[in-house]
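Q: Requesting a structural model of the entry that follows:
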Amino acid sequence: MTDPAPGSTLLDLVAVMDRLRSPGGCPWDAQQTHASLLPYLVEESYEVVDAVENGTREELRDELGDVLLQVVFHARVAQEDAEQPFDIDDVAAALVAKLERRHPHVFAGEAVAEDLQAGWDAIKATEKRRDSVLDGIPLQLPALARADKVLGRLQRNGLDTPADPEEGLTEEHVGAELLALVRRARAAGVDPEAALRGATRALEVDARRAEAASEHVSGR
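A: I've put the predicted structure just below:
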């Protein structure tokens, strides 16, 4: 007897989700919408982070399962949409196509680029028809994660100058400095999350203006 192919159990998950959502299934599951499920998706994502950083392998497995449930749940809800339905196969097919498109050095026989990240950014810009390198960064990200994302995009595209690496700077040192900054903000009555969001927004405005000016000069 041969072992089942990897991924075959996903069909069981899809079937279970279908039963829960269908008439005669679970009333709570049947009432859910994309919007009502969002808090669970966010919570489960953070629980995966916690499991990676602090949990056991068993806990990580379970938390990844909870995130997978959210994907299957959203796909099942989308399947019922009257105007633009799609199902889990459509989700998987789009993902497969995206992965193959974004890895031409693996699937299309192209040479490996010296800067893979720059190549991915260029492919994504073509796919999304973005007007700015900053397009597509979720506003809902926590302030620190969003600031890091914005700086990364700007620096890769020459719109922000990276700081010189500080010798001996460690994760523990950075954490202590950030904690000290939050402590000073609290003492001054300043919301550190709001302050960082404001500073990041100002940086984005300046960067978008620089982009627009560059496109005007180049005649694009």
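Q: Contact partners for residue 26?
A: residue 20 (CB atoms under 8 Å, 6 or more residues apart in numbering). Every C-beta, even on glycine, is put in place using the N, C-alpha and C of the backbone.
Q: Next, work out how far apart it and residue 16 are.
A: Between residue 26 and residue 16 the computed distance is 10 Å (CB to CB, to the nearest Å).
Q: So in this protein, where's the weakest helix or strand by average pLDDT?
A: When the helices and strands of the chain are scored by mean pLDDT, DSSP states H and E, helix 116-128 comes last with a mean of 73.
Q: Now the nearest residue to residue 55 once chain neighbours are set aside: which helix or strand?
A: Counting by CB to CB, 6 or more residues apart in numbering, residue 63 is the residue found nearest to residue 55 once chain neighbours are left out, at 7.4 Å. In this structure, residue 63 sits in helix 57-79 according to DSSP states H and E.
Q: Residues contacting the least confident helix or strand of the chain, please?
A: Against helix 116-128 from outside (CB under 8 Å, 6+ apart): 98, 101-102, 105, 113, 130, 133, 135-136, 153, 156-157.
Q: Run the chain-centre distance for the biggest helix by length in the chain.
A: The helix that spans the most residues within the chain, counting by DSSP state H, is helix 192-218. Its chain's average C-alpha position is 21 Å from that of helix 192-218, according to CA atoms, centre = their mean, to the nearest Å.
Q: Quick one: list the elements packing against that helix.
A: With contacts defined as 3 or more CB pairs under 8 Å, 6 or more residues apart in numbering; DSSP states H and E, helix 192-218 has these neighbours: helix 143-156, helix 171-188.
Q: now that helix and helix 143-156, what's the angle there?
A: 20 degrees (axes from the mean of the first three to the mean of the last three CA atoms, to 10 degrees).
Q: in helix 192-218, what counts as buried?
A: 192, 196-197, 200, 203-204, 207-208, 211 (16 or more other CB atoms under 10 Å).
Q: Also stretch 153-162?
A: For stretch 153-162, by 16+ other CB under 10 Å, it's 153-154, 156-157, 159-160.
Q: now that stretch, how far from the chain's geometric center?
A: So, by CA atoms, centre = their mean, the centroid of stretch 153-162 is 20 Å from its chain's centroid.
Q: Next: stretch 176-184.
A: For stretch 176-184, the distance to the chain centre is 26 Å (CA atoms, centre = their mean).
Q: between the buried residues of helix 192-218, which is closest to residue 32?
A: residue 197 (30.0 Å; CB to CB).
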